[in-house]
Each structure stands twice: as structure tokens, then as C-alpha cells.
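K.L.:
I'll drop the sequence and a predicted model, then ask my questions.
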Amino acid sequence: MRDFNEANVTDAVLGRMAECDDPRLQAVMTSIVRHLHAVVREVEPTMDEWNAAIRFLTETGHKSDERRQEFILLSDTLGVSMLVDAINNRKPSGATQSTVLGPFHVSNTPRKAMGDNLSLDLKGEPVFVSGRVLDPDGRPVDGATLDVWQTSGNGLYDTQDPDQPENNLRGLFTTGADGRYFFRSVRPMPYSVPTDGPVGRMLLALGRDPMRPAHIHVILAAPGFDAVTTHLFIAGDEYLDSDAVFGVKDSLVVTFVRQDDPEVAKALGLGNPFWRVEHDFILSRQRAP
Ligand code: BEZ
Ligand code: FE
């Protein structure tokens, strides 16, 4: 077939995929082609606009490497990550809700003993975080892992900040039979998602706020339970309602209680005053496949 035009090019592209022997790939690509063509018909981009779009995606790729993932940031800031997350985590009510992974997780989080300090340079306001990992019936989960990471008191992750020691504010904890977890850290700060790349320029052009409310990231996993990627946000944070990546859920907002008690601080191995956070995580049971 030849002479493709506005009226027949969509069907022509879909027809070329008719022989695909992977039905899922065919369904996904059919949907992508249909929607992409619909966008082009609606927007009617000029050639300059289309070239600008190609340049934007090219720069997004060039900005990405093993330490920086501009495509994840694009997905996050367009709300796509939260939509995919919501579709894949339709949890029973009561279970800890999930939210974005973000681009700053590392795969080789260092193992820590319960109670260890995540902060290797102690820069920031001291915090004691504790609670339990529970099953849906309120029983403690033995052998649950908590993979934790957060920003320092300056709002930067170790991978963004050459002044921080490697693996600062990262730790992998495993619960015992009582399901308890506790660790020391510093209070995380609100921060801007990276704005020095094409996604940052997009946010600026759209008049959007690049800030995220302060949070501690946690990935929980335990045999027989669904893993959950989540955050602890801080009640009262000024960016809770304008998170640049749409990640805030009410159930994930916890209270940081200010404590001014030198003896307790000393017993916990923290400077005084300090913040205390108590939060239980509830895991949903894995369903049979
Ligand atoms: C984060 O929380 O680390 C994050 C999430 C999405 C985009 C940028 C950062
Ligand atoms: Fe974060």
C-alpha cells in the first residue's frame, strides 16, 4: 500500500503489526500508536514544534545514566509513575499504601543493625524512628526487611552531594520475631526535584513548583507478603499539597514529635533536642498467583 494520508495512516501502521506473535506487545503498541496519532491530530504540531519534542526526548536520554534517571523524573512529574503505582497496588484498606520509588534508590543498600544511625556525618537535626511491621491481623512480621533512604539536612541525597560520605542515610534493617524496627537518623528536608535538565526546564515553562515535601523512603518486603514502596511524610510540611510528583497520601503523613530531654537523648545516643517518630507498617498478604 502507498499514498498514506491523514485519513489512513493510523490503520496502515496498525495493520503492519497484525502478524505480531506476542499479543500483549501488540495490544500495548496498538494503544500507543492510536493515542499518539490522536495527540498529533489534536495538537497539529508545526515542524519546529515536532523537532523541539524530539530534542526534548533526546536530551532526556542524554541526561540519564546509572546515577541520574531523567526519564523516571519525566514519568514522575507527569503523574504517570503514580498512576502505574496505583494500578499495580490496589491494596486492601488498612495496608500501608505505596508511593513513588523516585530516582535515588540504590540497589546495594548497606545492611545495618537495628538502632544504627543512618547518618554517617550527623549533619541535621537528630531523629529517632521506630515502630512495628505487622500483618493484616496486627501480628508482628518476623524477617521483614526495611530498605530506607533519605536526604540529609541540606535536602540532598548522598548520590547528589560530593560532600556526603558514600551510602550516607541509607540502610537495610531486618525485623526479629517482635516485628519491631528502630533507627536513628536526621530530619529530612523538603527538596527540589532536579531542575538542571530538560524536565526541570519543562516544569519552569509550565509554571510548576519543583518541590517535594520532606520524606523518608522505605521499601518493605517479607516472605509471604506483598512488597511495598512507600514514604513517611512529615505532618505540617508546607509542600504536602503541591508535591511535584503527586506522591502524598494522608495515611503516609506522620508526626515528628519534638523531644527536649537530655537523659532520654543520651540513652538513645542522640543529641538533644531531637525528634521522635512512631509508625507501624502493615503488609498485605501475597495472594496465590
Ligand atoms: C524522590 O523522592 O526521591 C523523588 C521522587 C520523584 C522524583 C524525584 C525525586
Ligand atoms: Fe525522595
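P.N.:
That came through, no problem. Ligands and ions are numbered 1, 2, ... in the order given.

K.L.:
C-alpha only now, for contacts and for neighbours.
P.N.:
Noted.

K.L.:
which residue ranges form the helices in the protein?
P.N.:
With DSSP state H as the criterion, the chain has helices at 9-16, 23-43, 47-62, 70-77, 80-88, 198-205, 262-268.

K.L.:
wait, what's in contact with the closest residue to ligand 1 within the chain?
P.N.:
The nearest approach of the chain to ligand 1 comes at residue 102, 3.4 Å away (C-alpha to the nearest ligand atom). Residues in contact with residue 102 (C-alpha atoms under 8 Å, 6 or more residues apart in numbering) are 72-73, 76.

K.L.:
Would you convert those into JSON lines that also reports pLDDT?
P.N.:
Formatted as JSON lines, these follow (pLDDT from 0 to 100):
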{"residue": "72", "pLDDT": "92"}
{"residue": "73", "pLDDT": "94"}
{"residue": "76", "pLDDT": "96"}
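
K.L.:
Go back to these and keep what's next to ligand 1.
P.N.:
Among those, the residues that sit close to ligand 1 (C-alpha under 6 Å from any ligand atom) are 73, 76.

K.L.:
Which one (most neighbours) among the contacts of residue 102?
P.N.:
Sorting the contacts of residue 102 by how many neighbours each has (other C-alpha atoms under 10 Å) puts residue 73 first, at 24 neighbours.

K.L.:
mind listing what it touches?
P.N.:
102-103, 199.

K.L.:
where does residue 288 land on pLDDT?
P.N.:
For residue 288, the model assigns a pLDDT of 69.

K.L.:
repeat for residue 57
P.N.:
So, for residue 57, pLDDT stands at 98.

K.L.:
how many neighbours does it have?
P.N.:
By other C-alpha under 10 Å, the burial measure for residue 57, its neighbour count, is 16.

K.L.:
And residue 34, by the same measure?
P.N.:
For residue 34, using other C-alpha under 10 Å, the count is 14.

K.L.:
Quickly note the distance from it to residue 53.
P.N.:
Per C-alpha to C-alpha, to the nearest Å, residue 34 is found 18 Å from residue 53.

K.L.:
Tell me the residues on the stretch 151-289 of the chain that lie near ligand 1, please.
P.N.:
Close to ligand 1, as judged by C-alpha under 6 Å from any ligand atom, the stretch 151-289 of the chain has residues 193, 245.

K.L.:
And for stretch 225-237, what's in contact with it?
P.N.:
Contacts of stretch 225-237 (C-alpha under 8 Å, 6+ apart): 96-101, 190, 213-221, 248, 252-256, 283-286.

K.L.:
How about stretch 30-41?
P.N.:
Applying C-alpha under 8 Å, 6+ apart, the set of residues contacting stretch 30-41 is 10, 13-14, 17.

K.L.:
ok, now with 6 Å
P.N.:
Stretch 30-41 has contacts (C-alpha atoms under 6 Å, 6 or more residues apart in numbering) with no other residue.

K.L.:
Next, the contact list for residue 77, please.
P.N.:
244-245.

K.L.:
Just the endpoints, please. Distance across stretch 152-170?
P.N.:
Stretch 152-170 end-to-end distance (C-alpha to C-alpha) = 10 Å.

K.L.:
where does this protein have low pLDDT?
P.N.:
For the chain, applying pLDDT under 70 flags the ranges 288-289.

K.L.:
With just CA atoms, put whichever strand in the chain runs longest into PDB.
P.N.:
For the chain, the strand with the greatest residue count under DSSP state E is strand 126-134. C-alpha atoms of strand 126-134 as PDB (Å, rounded to 0.1, in the frame of the first residue of the first chain):
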ATOM      1  CA  PRO A 126      18.600  14.200  65.200                       C
ATOM      2  CA  VAL A 127      15.600  11.800  64.800                       C
ATOM      3  CA  PHE A 128      14.600   8.500  66.400                       C
ATOM      4  CA  VAL A 129      12.300   6.500  64.100                       C
ATOM      5  CA  SER A 130      10.600   3.300  65.500                       C
ATOM      6  CA  GLY A 131       7.500   1.100  65.100                       C
ATOM      7  CA  ARG A 132       6.500  -2.400  64.100                       C
ATOM      8  CA  VAL A 133       5.900  -4.300  60.900                       C
ATOM      9  CA  LEU A 134       2.500  -6.000  61.200                       C
END
